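> Predicted model, plus sequence, below.
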Amino acid sequence: AVMAGDRRATAGNVIAQRDIEKVFRADEFSAIAIAGTAGIGIEMVRLFQVELEHYEKRELRTLSVEGKANRLATMVRQNLGMAMQGLAVVPLFAGYDEERDGGRIFSYDPAGGRYEERDFYSIGSGSVFARGALKKLYRADLSEEDAALVCVQALYDAADDDSATGGPDLTRRIFPVVASVTSEGYRRLGEDEVGALAQAVVDGRYDSPGGPTAPLR
């Protein structure tokens, strides 16, 4: 599984922060991303990380992917009162499932509903645009590098149409956070790797502003 997130945080119509991180390591074999109220989301991620680490130390084994997804759903549900006041947080969770020998993706709603997704998914204000790009570019046999490139393309499309999503900032060298989870564990792609992908995407948009096109037949 490959997960990516943009770096923009907004307060109304103002850019509050240009380099916030929205994708995190949950444990050795899973990753989590957040959308919504940043402060509550980051606190939720930190608590989730601690709980997974505590379980592993106590039981001497990692919690199953299903168990991690269920626990995260409970944490989202506990924030329902704040969500009803406008301070909602919805995470995206992905992990490597040893029993299935593959990645699994879970999305959530503000009430704590947990839904397993197939192939790809996106969250946040620009998710509808990102998902449209993913739908056209996703292939089941993508390599890690190509999957990361698809993610950056999707984020660029989201930033193109959603003011709360930030695209690659080549001037400040602020690039999306991209991470992968495989049988070998969690890995955050380096700045140089993501920077090269971002540069390739931006260069390609000079010739094709709408991005790469999927074959019709």
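Perfect, I can see it now.
> where exactly do the helices run in this structure?
Taking DSSP state H, the helices of the chain run over residues 38-59, 65-77, 80-84, 127-137, 144-161, 191-207.
> between the longest strand belonging to the chain and helix 38-59, how big is the angle?
Counting residues, the longest strand found in the chain (DSSP state E) is strand 89-97. Using axes from the mean of the first three to the mean of the last three C-alpha atoms, to 10 degrees, the direction of strand 89-97 lies 30 degrees away from that of helix 38-59.
> returning to what we had before: tell me the most buried of the helices of the chain?
helix 144-161 (a mean of 21; mean count of other C-beta atoms under 10 Å). Quick note: C-beta positions are derived from backbone N, CA and C, even for glycine.
> which residues does Gln17 contact?
7-9 (C-beta atoms under 8 Å, 6 or more residues apart in numbering).
> Inside strands: which ones of the residues you listed?
Ala9.
> what's near enough to touch the nearest residue to Asp157 once chain neighbours are set aside?
Spatial nearest neighbour of Asp157, chain neighbours left out: Ala133 (4.2 Å); criterion: C-beta to C-beta, 6 or more residues apart in numbering. Ala133 makes contact with 150, 153-154, 157-158, 211 under the criterion C-beta under 8 Å, 6+ apart.
> Format those residues as CSV; extra columns: pLDDT and distance to Val50.
Compiled in CSV, those are given as follows (pLDDT from 0 to 100; distance: C-beta to C-beta, whole Å):
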residue, pLDDT, distance to Val50
Val150, 98, 32
Gln153, 98, 34
Ala154, 98, 31
Asp157, 98, 35
Ala158, 98, 31
Gly211, 96, 39
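> Need those residues in a markdown table (columns: distance to Glu56).
Formatted as a markdown table, the contacts of Ala133 follow (distance: C-beta to C-beta, whole Å):
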| residue | distance to Glu56 |
| --- | --- |
| Val150 | 32 |
| Gln153 | 35 |
| Ala154 | 32 |
| Asp157 | 38 |
| Ala158 | 34 |
| Gly211 | 41 |
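> Looking at those, which two lie furthest apart in space?
Farthest-apart pair in the contacts of Ala133 is Val150 and Ala158; separation 12.7 Å (C-beta to C-beta).
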